[in-house]
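A.B. asks: Sequence first, then the predicted structure, then my questions.
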Amino acid sequence: MEEWYHYVLIIPIGFIVGFINTIAGGGSLLTLPVLIFLGLPPNVANGTNRVAIVIQTAMATAGFKSKKVSTFPFNLYLGTSALMGSIIGAYLAVDIKGETFNKILAIIMIVVVLIIIFKPKIRSEEFLERTKGKYLWLNIVAFFFFGIYGGFINAGIGFIIILFLHYVSQMTLVRANATKVVVVLLYTVSALIVFVLNDKVNWGVGLVLAFGNGSGAWLASRVSVKKGDGFIKKFIVVMVILMAIKLWFFDI
């Protein structure tokens, strides 16, 4: 990335990705190909993307907090578990390509869409959050494995986290989103450290991208609270379908 206009290009891309990642997920499927196309090796693109994700999730967390939406200390428990898993995932991140991997993940994304569309709707008065006791431990175990995947590549993990929290922990989509950004922030910090120690981060590109990501995330966090669960559900369905198409027909 030697041309100055490359840096200008990634700011609006980062804004779009930050918005997408905060409300739904899958934004890294846009970021990674762009960074690779602009000249970064895949592993460096993967590591550099983490700089932007850290800033993005920090801004989104601040945005949700400004709207009085927080799930502390539940989000801290899940984030700590995911953090430990992400260290394993980051060390495994040696190759982010693979046609078979893409197709399998595409199928998973289609299943996610079907769950969103056909799962019986939970009325707002029935949302009694299950965040304690056996459900807390179930979440902690599940998020350890989410962390492994997040540390490895991160792309699409937002969908899985939101749906898990929505249907297992019975959180509203807004509160699930607020939890997700804190969890991703915590485990991405640890994954980023691994990439830094292995010299897989381009800081110049990462910080410019982070400016765009952070701006998009701040706006998205506030929009999602204002628009509510209906808006988030529609946004997720659209993004999952687009993500599945990309994974099935194109390399990551």
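C.D. replies: Here it is on my side, so go on.

A.B. asks: what's the spacing between Leu197 and Ala191?
C.D. replies: Leu197 is 11 Å from Ala191, where distance means CB to CB, to the nearest Å. (Each C-beta comes from the backbone N, C-alpha and C, glycine too.)

A.B. asks: got any ranges where the protein has weak pLDDT?
C.D. replies: For the chain, the stretches with pLDDT under 70 are 1-2, 94-106, 108-109, 111-113, 115-127, 243, 246-247, 250-252.

A.B. asks: 50 instead, please
C.D. replies: Low-confidence regions of the chain, defined by pLDDT under 50, span residues 96.

A.B. asks: And the helices in it?
C.D. replies: In the chain, the segments counted as helices under DSSP state H are 4-23, 28-37, 42-66, 74-92, 99-118, 133-152, 157-167, 173-197, 203-227, 229-249.

A.B. asks: what about Leu197 and Ala191, which has more around it?
C.D. replies: The residue with more neighbours, out of Leu197 and Ala191, is Ala191; 31 against 11, by other CB atoms under 10 Å.

A.B. asks: ok, now how distant is the more buried one from Phe15?
C.D. replies: Using CB to CB, Ala191 is found at 23 Å from Phe15.

A.B. asks: Let's check: the centremost residue of the protein is which one?
C.D. replies: With distances taken as CA atoms, centre = their mean, the chain has Gly158 as the residue nearest its mean C-alpha position (4.0 Å).

A.B. asks: quick one: contacts for that one?
C.D. replies: With contacts taken as CB atoms under 8 Å, 6 or more residues apart in numbering, Gly158 has the following neighbours: Asn21, Ala24, Gly25, Gly26, Lys180, Val184.
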